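K.L.:
whatever this is, show me its structure:
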Amino acid sequence: MPVRFRFADKSDQPRFADFACTDPVPPNRQVDGRWIKGESLHPEPWALLVQKLIHNSPVYHEKDCWIRVGVDDETGGLASYCAVVHRGDGVYEIALIAVSRRLRGLGLGTQALRDAMATATRNAVQRGLDPAFVATIDEDNRASAHLFASFGYQLMRTYERDRHGFVFNLWARR
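P.N.:
Sure, this is the predicted structure:
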């Protein structure tokens, strides 16, 4: 399946709202006599958070932040989404990366990360900078940790649990 990577534009906004990178939210249900929200029963809460962020994402392409999308050439649908932020001094944060649920397992995460890093590297070279990369990954997201490690990222720091119960790890690559 051919995928074309490009900068997001205004025509992608409706695609963001429909993008699904994880399983649907389970229905609310009773557990031990208490009603539990379906979101808290989701098997990949970090993916649900990423999906919500993408659904509400503005389209932007500026000097210091951009979104790269992978578009399925056959259907025109979004295959992947990757937001990149230049934090200054050549440090680029891979802020969000996601692959469409229906296209998982085809290597699109690898392609999307490669594309994002190549785009950031070109941006750094144009600025006369030596690029470095960081990413913040939920500690339970083994697939993303494996992906970033395969690109030479190393675990640098584990943050304290946030108010929503997430624990994130900082990964970096020079």
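
K.L.:
look up how far Ala124 lies from the nearest residue to Leu96 once chain neighbours are set aside.
P.N.:
Taking Cβ to Cβ, 6 or more residues apart in numbering as the measure, Leu96 lies nearest to Ala83, with 4.3 Å between them; neighbours along the chain are not counted. Using the backbone N, CA and C atoms, a C-beta is placed for each residue, glycine as well. As judged by Cβ to Cβ, to the nearest Å, Ala83 and Ala124 stand 17 Å apart.

K.L.:
looking at the two, which has the bigger crowd around it?
P.N.:
Each of Ala83 and Ala124 has its neighbours counted (other Cβ atoms under 10 Å); Ala83 has more, 22 against 19.

K.L.:
where's the more buried one relative to Gly38, distance?
P.N.:
Remark: distance between Ala83 and Gly38 (Cβ to Cβ) = 26 Å.

K.L.:
neighbours of Arg142, just the number please.
P.N.:
A total of 10 residues lie near Arg142 under the criterion other Cβ under 10 Å.

K.L.:
the chain should start at 30 in everything you say after this.
P.N.:
Sounds good: first residue 30 from here, last item Arg171.

K.L.:
contacts for the helix or strand of the chain at the bottom of the mean pLDDT ranking?
P.N.:
Taking mean pLDDT, DSSP states H and E as the measure, strand 58-60 is the helix or strand of the chain with the lowest mean score, a mean of 85. Applying Cβ atoms under 8 Å, 6 or more residues apart in numbering, the external contacts of strand 58-60 come out as 64-65, 67, 70.

K.L.:
and if you look at stretch 193-203?
P.N.:
Contacts of stretch 193-203 with the rest of the structure, by Cβ under 8 Å, 6+ apart, involve 74-75, 78, 161-169, 174, 177-178, 180-191.

K.L.:
make it 7 Å
P.N.:
Contacts made with stretch 193-203 from outside it, assessed by Cβ atoms under 7 Å, 6 or more residues apart in numbering, are listed as 75, 161-168, 177, 180-188, 190.

K.L.:
for it, how far is the first residue from the last?
P.N.:
Distance between the boundary residues of stretch 193-203 (Cα to Cα, to the nearest Å) amounts to 31 Å.

K.L.:
same check, this time on stretch 180-188
P.N.:
With Cα to Cα as the measure, stretch 180-188 spans 22 Å from end to end.

K.L.:
go on, stretch 149-167?
P.N.:
With Cα to Cα as the measure, stretch 149-167 spans 23 Å from end to end.
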